[in-house]
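> A structural model of the following input is requested.
(chains A and B)
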Amino acid sequence: MALDKEDVVKIAHLARLQVADSEIDATTERLSSILGMIEQLQAAPTDGIEPMAHPTDAVQRLREDVVTESNHRDQYQSIAPATEDGLYLVPQVIE
Amino acid sequence: MSWEVVIGLEVHVQLATQSKIFSGSATTFGAEPNTQAALIDLGMPGVLPVLNADAVTKAIKFGLGIDAEITPRSVFARKNYFYPDLPKGYQISQFELPIVGKGHVDITLEDGSTKRIGVTRAHLEEDAGKSLHEDFQGMTGIDLNRAGTPLLEIVSEPDMRSAKEAVAYAKAIHSLIRYLNISDGNMSQGSMRCDCNVSLRQKGETEFGTRREIKNVNSFRFVEKAINAEIEWQMDELESGRKIQQATVLYDPVKDKTFAMRSKEEANDYRYFPDPDLLPLEVTEQMMNRVRADLPELPGQKIERFMTELELSEYDARVLAADRVLADYFETVVSVSGAKPKLCANWVSVELLGALNKNDQEIDASPVSAAQLGGLLKRIADNTISGKIAKQIFEELWNNGGTADDIIESKGLKQETDTGAIEAIVDQVIADSPDQVAQFLAADDNKRKKLIGYFVGQTMKASKGKANPQMVNQILAKKLV
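Reported below is the predicted structural model:
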C-alpha cells in the first residue's frame, strides 16, 4: 500500500505537523516505505498466536485511589505563555 | 409517509473516585481553576499514567449491574484530536477491548410494560478540561481541573424508538449508577452527560438511516426535547426529498432547535492505537469476587421485594425504588414508625415528594428526615393522631424541625379517643342540625352514605380535628337512627 501526497498533507494536518511543500514528496516516499515494511510483517503467519496489546508480557499495576498531589498552580503557570484568573490562556478556539 | 425513529445513547458517567484516573490529583467539583491539575493532567513530557484501582472496581460494578461480561484483559488506546482542553493531544480511552462488554438494561414504558435495551459496551476513559470562551478578548481560558476525571462511557444499542424511551433509558442508567454508588449522577454538574444518536427510516425498512448525534445533553427534560426537535428537523428534510448528512449537533433550548456543530469528516479521524504507556488491564477472578460481594440490592430486586415482602403495589414499588436514597429513606420510615408499609409509601411518595417538588429540593437534602417522618407516622399507627392532624404536624416539621411527639405535646394535638367526649360533641352537632337530620332519616341507604359526611365534617370541626374519625363514624351510625 502506498500513500499519495494528499494523504500526507491530511495526516500532517491531523497531527498538527508542518511539512513544507518541498518536503512532501520525500515524506510521502518515506512513509510509504514504512508501510511497505509493515506489509512484509503482515505476511508473517500468525494463526493461533494471541494478539498482543503491548510488547512486554505484563499487566497493568493499579494505584490506590488516594489524593497524592497538592496545588502547585503558581509554579506550573510561571512557565505558561499567558494566564489570567488561574486559567491558562490560549488563542481563541471557535466552535 | 410513516417514519420510524431509531435512537441510541452514549452516556458519560463521572466515576466518584477521590483521585483522577491516571494521577493523584483530587477530583472535587468546584475547586479554584487549575488547583487540581498536576503534571500528569497537564500532559507534561516524561510523565506516565498510573491507573486508579477504584475506577476499575467501579467499572466492573457497573458491568455486573447490567449483567455484562467483564473483559479479562482490556486495553487502553489513544484517541487523537487537537483541542486546548486536552493537553496531551490525545484522550486515553478504550477502543477495541473495553472493560465492559454486552449487557442490558430494562426500562419501564408509560403503559407500565417493560422493554429491554441492549448495552453494546462500556469503557473507561479520562475526561477533558473545560474551555471558557466568553471572558477573554480574543483568547480562550482553560481550566484543567476536570482533565483526567475518570469517565465510564456507556454505549447503548440503537434500541430506542422514541424520545420517551430514550429518557426512560437515561433514567434507568441514572438510577443504576446511584444504586451502585459509582457516581453521584449530578447532571447539572456534568457528572452524567448524554449524547443522543438519532436517525429516521421508513416503517418496515431494515437498514438504518443516516444518523446525527446530539452532543452533551445535560438533563432528562432536554434529552426528550432535543430528540424531538431533531426528529422534527430530520422528518422535514426527508419529506422535502433531501438527504441527511452525518453530523454532530448541539441543542439550543431557547430556540428549541438543534444545529450542526462541525462536519464529521475531519473530527472523526481519531487514529486510535493502543497506548504504549499502559499495559493491558487484567481483571482477575479474585477482583470479580470482591466486587460481587460488595454489590448492593439493585433496582429490579428492590421493586420485587417491596411488592412481595412489603405488599406494595407495583406502581408504589417503582416510584420508591427508582432512587436508592429515596428507597433507603422509605425503608427507614417503615422501620422507625412500625406503621403499615402502604401508609409509609403514601406519605413518602405523596406528602414528602410533593413538598420536595414544590420547593425544588432533592431527597438527599430533605428538611424532614426519615427518622422525623417515621416518628410522625408512628403516632398515626398507634392512633395518637389522625391523618389530618399529621399533615399539620408534617408542615410544622418541614418549617421548624423538631419531633412529632414534641409538637403533639406542645400544641395539644393528641387525638380524642374518649367515647364520652366524642358522644357529647356528636350530640351537639345533631341538636344543631335538625334539617340535615330530617333529610338523612328520609334518605335511602345509598344517599345516607353521602349525607353522613356532613355530620362527620361538623364533628371533626367542632373537635378541632382531634376526634378519632373511626370513632366519630361509629358513634354517628349509632345515633342517627
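> Contacts for the strand or helix carrying residue B:380, please.
Here residue B:380, judged by DSSP states H and E, is contained in helix B:370-381. The contact list for helix B:370-381, computed with CB atoms under 8 Å, 6 or more residues apart in numbering or on different chains, reads B:328-330, B:332-340, B:343-344, B:347-348, B:352, B:385-387, B:390, B:393-394, B:397, B:401-405, B:408. Bear in mind the C-beta positions are built from the backbone N, C-alpha and C, glycine included.
> List the ones among the residues you listed that fall in strands.
Among the contacts of helix B:370-381, none falls in strands (DSSP state E).
> how about stretch A:75-83 against chain B, any contact?
Yes. Interface with chain B: stretch A:75-83 contributes A:76, A:77, A:82 (CB under 8 Å from any CB of the partner chain).
> Return the alpha-carbon coordinates of the helix or strand in which residue B:325 is found using PDB.
Secondary structure assignment for residue B:325, by DSSP H and E: helix B:324-337. Taking Å, rounded to 0.1, in the frame of the first residue of the first chain, the C-alpha atoms of helix B:324-337 are listed here in PDB:
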ATOM      1  CA  ARG B 324     -31.500   4.500  46.100                       C
ATOM      2  CA  VAL B 325     -31.600   7.400  48.500                       C
ATOM      3  CA  LEU B 326     -35.400   7.600  48.300                       C
ATOM      4  CA  ALA B 327     -35.700   3.800  48.800                       C
ATOM      5  CA  ASP B 328     -33.400   3.900  51.900                       C
ATOM      6  CA  TYR B 329     -35.500   6.900  53.200                       C
ATOM      7  CA  PHE B 330     -38.700   4.900  52.800                       C
ATOM      8  CA  GLU B 331     -37.300   1.800  54.500                       C
ATOM      9  CA  THR B 332     -36.100   3.900  57.400                       C
ATOM     10  CA  VAL B 333     -39.600   5.400  57.800                       C
ATOM     11  CA  VAL B 334     -41.100   1.900  57.800                       C
ATOM     12  CA  SER B 335     -38.800   0.600  60.500                       C
ATOM     13  CA  VAL B 336     -38.900   3.700  62.700                       C
ATOM     14  CA  SER B 337     -42.700   4.100  62.500                       C
END
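> Now it: buried residues?
Buried residues in helix B:324-337, counted by 16 or more other CB atoms under 10 Å in any protein chain shown: B:324, B:326, B:327, B:329, B:330, B:331, B:332, B:333, B:334, B:336, B:337.
> In the stretch 51-200 of chain B, mark out all the strands, start to finish.
Assigned by DSSP state E, counting those that start in this stretch, the stretch 51-200 of chain B shows strands spanning B:51-52, B:73-74, B:76-80, B:90-94, B:103-108, B:114-126, B:130-132, B:139-143, B:150-156, B:192-202.
> Please apply the same query to chain A.
Using DSSP E, strands in chain A cover A:62-63, A:83-84, A:87-91.
> how far off strand B:139-143 does the last one point, in degrees?
The one in question is strand A:87-91. For strand A:87-91 against strand B:139-143, the angle by axes from the mean of the first three to the mean of the last three CA atoms, to 10 degrees is 140 degrees.
> just to revisit the earlier point, among the strands of chain A, which is nearest residue B:423?
Closest approach to residue B:423 among those (CB to CB): strand A:62-63, 75.2 Å.
> Direction included, what does that closest one pair up with?
strand B:51-52 (parallel) (DSSP bridges).
> Show residues contacting the strand it pairs with.
A:60-63, A:65, B:17, B:19-22, B:150, B:278, B:281.
> can you tell me the residue of the stretch 351-481 of chain B closest to chain A?
Here the stretch 351-481 of chain B gets closest to chain A at one residue, residue B:364, 22.7 Å apart by CB to the nearest CB.
> my guess is that residue meets residue B:324, correct?
No. Contact criterion CB atoms under 8 Å: residue B:364 and residue B:324 do not qualify, at 10.4 Å.
> just to revisit the earlier point, out of the residues of stretch A:75-83 next to chain B, flag the one nearest to residue B:160.
Residue B:160 lies nearest to residue A:76 out of these, by CB to CB, at 44.1 Å.
> since we're on the residue lying closest to the closest one once chain neighbours are set aside, how many residues are nearby?
Nearest residue to residue A:76, sequence neighbours excluded (CB to CB, 6 or more residues apart in numbering or on different chains): residue B:42, at 6.3 Å. Neighbour count for residue B:42, taken as other CB atoms under 10 Å in any protein chain shown: 20.
> What of residue B:256?
With other CB under 10 Å as criterion, residue B:256 counts 12.
> and what of residue B:289?
Number of residues near residue B:289 (other CB under 10 Å) recorded here: 10.
> what does chain A put close to chain B?
By CB under 8 Å from any CB, the residues of chain A that approach chain B are A:14-16, A:53-54, A:56, A:58-69, A:71-73, A:76-77, A:82, A:84-93, A:95.
> For chain A, give me the ranges with low pLDDT.
Along chain A, segments meeting pLDDT under 70 span A:1, A:94-95.
> what residue is smack in the middle of it?
Nearest to the mean C-alpha position of chain A, counting by CA atoms, centre = their mean, stands residue A:15 at 7.2 Å.
> so what's the closest residue to that residue other than its chain neighbours up against?
Distances taken as CB to CB, 6+ apart put residue B:80 closest to residue A:15, at 7.7 Å, once the chain neighbours are dropped. Contacts here follow CB under 8 Å, 6+ apart; on that basis residue B:80 touches A:14, A:15, B:89, B:90, B:270, B:271, B:272.
> what's around the first one, how many residues?
Per other CB under 10 Å, the neighbour tally for residue A:14 reads 15.
> Does it touch residue B:269 like I think?
Yes. The pair residue A:14 / residue B:269 is scored as a contact, 5.9 Å apart, by CB under 8 Å.
> Find me whatever residue is spatially closest to residue B:300, sequence neighbours aside.
residue B:106 (6.7 Å).
> Good, wrapping up.
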